[in-house]
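Participant: model this:
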Amino acid sequence: MLYNVIFCVLVAYVVISPYFYAKALKFGIKLAQDPEEASKEAIMGEFHVPKKRKEPKMTAEEKRSVQILANIDRYDGTSAGQKKVVVEK
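Facilitator: Residues are numbered from 1 along each chain as shown. Alright, predicted model coming up:
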């Protein structure tokens, strides 16, 4: 069982490592030819910055429903803490 895992890791290393060797050799040749231009070039590439999500706008009816539910949560047997619900036409 452990031999299979070690064998898989070794095979992955043997298969993938030539790619990195070739990439490093290519970068070294480019660096030797023109070091100023090669130093300006990004090695890893650009990172994606996620966009900010827009907040959904509530309609008048949704705002009214939210206010009614908030009043229900605050209810303690008295009218303290209750806000008036405005009916818009």
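Participant: burial count for residue 6?
Facilitator: 10 (other C-beta atoms under 10 Å). The C-beta positions use only the backbone N, C-alpha and C, and glycine is treated the same way.
Participant: next helix or strand past the lowest-mean-pLDDT helix or strand in the chain?
Facilitator: Sorted by mean pLDDT, DSSP states H and E, the helices and strands of the chain end with helix 35-40, the least confident at a mean of 76. Scanning forward in sequence from helix 35-40 by DSSP states H and E, the next helix or strand is helix 60-74.
Participant: pull the distance from that following helix to the chain's centre.
Facilitator: 33 Å (C-alpha atoms, centre = their mean, to the nearest Å).
Participant: tell me the buried residues in it?
Facilitator: Buried residues in helix 60-74, counting neighbours by 16 or more other C-beta atoms under 10 Å, are absent.
Participant: returning to what we had before: mind listing residues that contact the least confident helix or strand of the chain?
Facilitator: 27, 30-31 (C-beta atoms under 8 Å, 6 or more residues apart in numbering).
Participant: which residue of the chain sits farthest from its center?
Facilitator: No residue in the chain sits farther from the centre than residue 78, which is 46.3 Å out by C-alpha atoms, centre = their mean.
Participant: show me what the helix or strand hosting residue 30 is packed up against.
Facilitator: Here residue 30 sits within helix 2-33, counting by DSSP H and E. Other helices and strands packing on helix 2-33, by 3 or more C-beta pairs under 8 Å, 6 or more residues apart in numbering; DSSP states H and E, are helix 35-40.
Participant: end to end on stretch 41-57, go ahead and measure it.
Facilitator: 43 Å (C-alpha to C-alpha, to the nearest Å).
Participant: quick one: mean pLDDT for it?
Facilitator: In this model, stretch 41-57 has a mean pLDDT of 80.
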